[in-house]
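[1] make a model of this:
(chains A and B)
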Amino acid sequence: MSDYTVTHLKQLESEAIFVLRETAAQFERPALLFSGGKDSIVMTHLARKAFWPARIPFPLLHVDTGHNFSETIEFRDRLVEESGAKLVVASVQKAIDEGRVVEESGNNASRNALQIQTLLDCLEEGQYDAALGGGRRDEEKARAKERFFSHRDEFGQWDPKNQRPELWNVFNGRMSPGEHFRVFPLSNWTEMDVWQYMKAEEIPIPSLYFAHERDVVVRNGTILAISEFVQPRDGETVERKRIRFRTMGDATITGAVESDADDMSKIIEEVAAARETERGNRADDKRSESAMEDRKKQGYF
Amino acid sequence: MTDQDNAQSYLDMDLLRFTTAGSVDDGKSTLIGRLLYDSKAIFEDQLEAIEKTSEQRGDENVNLALLTDGLRAEREQGITIDVAYRYFATPRRKFIIADTPGHIQYTRNMVTGASTANLAIILVDARKGVIEQTCRHSFIADLLRIQHVVIAVNKMDLVDWSEERFLEIKEEFRRFASRLDSIVEVTFIPISALKGDNVVETSENMPWYKGPSLLYHLETVYVGSDENHVTARFPVQWVIRPHSDEHHDFRGYAGRVAGGVFKPGDEVVVQPSGFNAVIKAVHSMDGELQEVFAPLSAAITLDREIDISRGDMIAKPNNPPTVGQDIEAMICWFSEKPLSSRGKFILRHSTKETKALIRDIKYKVDINTLHKIEDDLEFRLNDIGRISLRTAAPLCYDPYKMNRSTGSFILVDPFTNETVGAAMII
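    Purely as a prediction, here's the structure:
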C-alpha cells in the first residue's frame, strides 16, 4: 500500500482550489482582486490550476491607486498575457477626477480609504457578486475569525456578528439581490506557507520583493522609496539603502525593509527569522490597533 | 540542521487541525497563547501590543490570553465568541487551531470548530475535575467524529502537582467516556498553562508523569489513517470545457476527492444516474497523475460521454454511496428561530443543493448528561437531536461515521439565506 500522507502545502493547495471552484460554481459573476502583490499572484496561479486546461472563468480586477511602482504594472500585464485571463482596472484616479471620491489631504494622506469606494463602485457597476481576495487569517487579529465565504450587505459592509458558520467543506454563498461576498481561498495559509509554495511551484514575482539598491527616506520609522509620489520633506534626507518590499501596496505608504535577501531562499530565511508581522510595515495599520477591523467594516478587502 | 534540510523539512511537513473548547476561566486562551508564544508564532510587534494592553489593564504578567481575543467587542467584554483560527508551526508539523468558546450558549461554535478537526483538546480544571462542561465538550467531539482527544488537566499548580488528583480525574473521565464511540484515542496530560509545565517542555514539578508534553504529543500523534482511503468518492464540483483548439473535446470533471483512490483505468459508477465508465486520465496543470486520493483536488476524464454535472458523485461499482431522499440525521440547530416539524429548507450536501422538508423530530439530547429528551421537541438555538427529512432530489450519501464529507450537510433558511443547521447522517 502506498503512503497517503499529504504534505501541508498540498492540503492548502487542494483546499484553495476547492474554494476557487466553489466560487465559480456558486456565483454568477465572480472576480479575482489582483493587487500585484504576492498573495494575488499565488491566487492567480491557483485559479489557473483549478480550471486548467480551460482559462480562468472570471476576470482579474485591479483597483489601481495610481500610486504604483512601475514594476508592479509591468508584471501584471505580463501575467495577464501569459494566462489569457481578462483584466478589469478600477482606477482611483478616475474616481477622483469624476468627483466620486475626494483625495485626503495633509501629511499622512493616503489613497487607501479611496480604494474602498472605488472597489465598491466597480463591483456594483460590473455586477460582480463575489470578489476573491488573497487575505489570510494569520495577517492580523481581526482576520482570525474571517470566513472563506464572507458575506457583505448591500452597502458592502462586513458585520462580524452576522457571518455564517462554516462547517466541513460546505460553503453557503446564497444571498439577496444587491449583496455580495468576499471569498478568501488562502484563509488557512500563513506568510511562510505562501513563500514556500511560491518557491516549490517556481512562481515568478515582481523584482521589488528582492533586495536592491534604492533612494529612500525614513518617515515615522517607515522606509519609503523615493518616486514621483514620494519626495523628501523639509528636514528629511535622501539615503541610498539596500532594501526590499514585503508587500506591494500604494507606493506612498508601503514601507520597505533593509535586506540582503536577493533570492527566494534568502527571503524564506528572512521570513523565518522575522520579528515583525507583514503589515507592521504598512503605515495605514499603524493608525490604531483596531484599524483593520474598522476598514473591514467599511468594505476593505 | 543545514538550511537545505530546513527547507526540505518544511516541504515534508504535514498538517494537524485541532480544536480547543474551554470557558473563560479554565485557561484555554492562556494555553493557546503559550503554544503560540513558545513556538515563536508570535511576532515582536504583536507582543509589544499585548504588553502595552496588559499594562493598561493592570495585569500582573503579560496576559497571553490577549493574543487570541480578536475583535474589539470581545476585547472590551473580555470574552471570546465565534470560532477563531490560529496558526503555528514547529519543524515537525503545521497546526491550525479552531479556538472556540466553551459555554453551552456557544454549542454551535464548538460544533463548527470541531467539524474540521482531527484532534480535540478538552481542558479540565484540576480543582473541579470532570464537570458538565467536560461531558459536553466530549460529546461534541464524539458527535463530530474527532478520533483523537487530549484531556489536558490544567492548573496542576493549584493542586500541588498531585498525581493522586490527576489519576482521580482520569478515572472519572474513563467512566463517562465509555458511552462515546467515535473517539479512538484519549490522552491525559497534566499541565499548567500559566506556568508552562508540560505544555512545550516536560515539567520538573511532576516527575511522576512519564508521558509527552502537550506540544510533543500534537507533533507526533498519527492522524494519517483518519481519512477514508477505501471508499472511493469524487463529488463533481465543476465541469471543465476549454472550448479551445488544443483541447477541443476535453471534458474534465473537477472535484476534491472525498474518499478512496482514483487511478486511470479504474471502473467507476456515476450516481445518481448509475452509468458506468472507465477513468481515462487524472489531470492537473503539472501533468497527468498516476492516482489521486483524499483530500486532493484534480480533474478526471472518462472513456465515454455521459451526462454528468455538478452535484453528481463518481464512485466505484463495488461500494457505491447510498442514493436516496429519506434521510435520518443528528442535527445541531444554529438559528434563533426554532426548527419546526414540516419546516422547509435549502439543503447543501457536498456539491449538491436541493430542497428539504423536515418530516419528524425524534428526540433531543441533553448534552450535559447525554440523556434523550422526548417530551419537549422544539429545537432552539444550540439544540442537538435526531430528525428525519425528505429531499426534493436524491442525495448520494454515506453515514457520517464512515465519511465526514459525504455524510454531512447544512440547512439554509430559504428566506434569510442564513445557515441554520448542521447535520450528520446516521
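[2] the residue most central in space within chain B and A:Glu146, how far apart?
    The structure's chain B has its C-alpha centroid closest to B:Thr116; by CA atoms, centre = their mean the separation is 2.2 Å. Distance from B:Thr116 to A:Glu146, counting by CB to CB, to the nearest Å: 15 Å. Using the backbone N, CA and C atoms, a C-beta is placed for each residue, glycine as well.
[3] quick check, A:Ala50 in a helix?
    Yes: under DSSP: H, G, I helix; E, B strand; the rest coil, A:Ala50 sits within a helix.
[4] any idea how many residues pack against it?
    By the measure other CB atoms under 10 Å in any protein chain shown, the count of residues near A:Ala50 is 28.
[5] who touches the residue lying farthest from the centre of chain B in this structure?
    For chain B, the residue at maximal distance from the C-alpha centroid (CA atoms, centre = their mean) is B:Asp245, at 43.5 Å. With contact set as CB atoms under 8 Å, 6 or more residues apart in numbering or on different chains, B:Asp245 has no partners.
[6] please apply the same query to B:Glu246.
    Contacts of B:Glu246 by CB under 8 Å, 6+ apart are A:Pro53.
[7] regarding it, what is its secondary structure?
    coil.
[8] please report the distance of it from B:Trp161.
    69 Å.
[9] my guess is A:Ile73 contacts A:Ser35, does it?
    No: with contact defined as CB atoms under 8 Å, A:Ile73 does not reach A:Ser35; the gap is 11.4 Å.
[10] dihedrals phi and psi, the closest residue to A:Gly135 other than its chain neighbours?
    Nearest residue to A:Gly135, sequence neighbours excluded (CB to CB, 6 or more residues apart in numbering or on different chains): A:Phe184, at 4.7 Å. The phi/psi pair for A:Phe184 (degrees, to the nearest 10) reads phi -120, psi 90.
[11] now do the contacts for A:Phe184.
    A:19, A:132-136, A:146-148, A:150.
[12] likewise for B:His217?
    B:150, B:187, B:189, B:211.
[13] report the buried members of these.
    Buried by 16 or more other CB atoms under 10 Å in any protein chain shown: B:150, B:187, B:189, out of the contacts of B:His217.
[14] pull up the gap between the closest residue in space to B:Pro242 that isn't next to it in sequence and B:Ala299, please.
    The shortest distance from B:Pro242 to any non-neighbouring residue, by CB to CB, 6+ apart, is to A:Ala54 (3.9 Å). Separation of A:Ala54 from B:Ala299 (CB to CB): 10 Å.
[15] between these two, which is the more surrounded one?
    B:Ala299 (30 against 21).
[16] make sure the more buried one is indeed in a strand.
    Yes: counting by three-state DSSP, one finds B:Ala299 located in a strand.
[17] circling back to that earlier point, any shared contact partners between A:Ala54 and B:Ala299?
    B:Ile240.
[18] that older thread, of A:Ile73 and A:Ser35, which one has the most company?
    Set A:Ile73 next to A:Ser35 and count neighbours by other CB under 10 Å: A:Ser35 wins out with 24 against 15.
[19] quick one: contacts for that one?
    A:Ser35 neighbours (CB under 8 Å, 6+ apart): A:62-63, A:134, A:248-249.
[20] just those now: which is nearest A:Asn220?
    A:Gly249 (15.9 Å; CB to CB).
[21] that closest one: neighbour count?
    Neighbour tally, A:Gly249, other CB under 10 Å: 26.
[22] likewise A:Asn188?
    24.
[23] flag every residue of the stretch 1-150 of chain A that's near chain B.
    Contact residues, the stretch 1-150 of chain A versus chain B (CB under 8 Å from any CB of the partner chain): A:2-15, A:17-18, A:21-22, A:24-25, A:48-55, A:137-138, A:141-142, A:144-145.
[24] surely A:Arg240 touches A:Asp215?
    Yes: shown here, A:Arg240 and A:Asp215 form a contact pair, counting by CB under 8 Å, at 5.8 Å.
[25] over to stretch B:255-271 now: how far is its first residue from its last?
    15 Å (CA to CA, to the nearest Å).
[26] please apply the same query to stretch A:82-97.
    32 Å.
[27] hmm, who's touching it?
    Here stretch A:82-97 has contacts from A:31, A:34, A:44, A:47-48, A:55-56, A:58-66, A:76-77, A:79-80, A:101-103, A:111, A:114-115, A:117-119, A:121-122, A:126, using CB under 8 Å, 6+ apart.
[28] selecting buried members of those residues in ChimeraX, what would you type?
    Only the buried entries of the contacts of stretch A:82-97 go into this ChimeraX selection, using 16+ other CB under 10 Å:
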select /A:31,34,44,47,48,55,56,58,59,60,61,62,63,64,65,76,79,80,101,111,114,115,117,118,119,121,122
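[29] in helices, which of the contacts of stretch A:82-97 fall?
    A:44, A:47-48, A:76-77, A:79-80, A:114-115, A:117-119, A:121-122 (DSSP state H).
[30] tell me, how many residues neighbour the residue in the stretch 301-426 of chain B that chain A sits nearest to?
    Nearest to chain A in the stretch 301-426 of chain B, going by CB to the nearest CB, is B:Asn417, at a distance of 4.1 Å. Using other CB under 10 Å, B:Asn417 is surrounded by 17 other residues.
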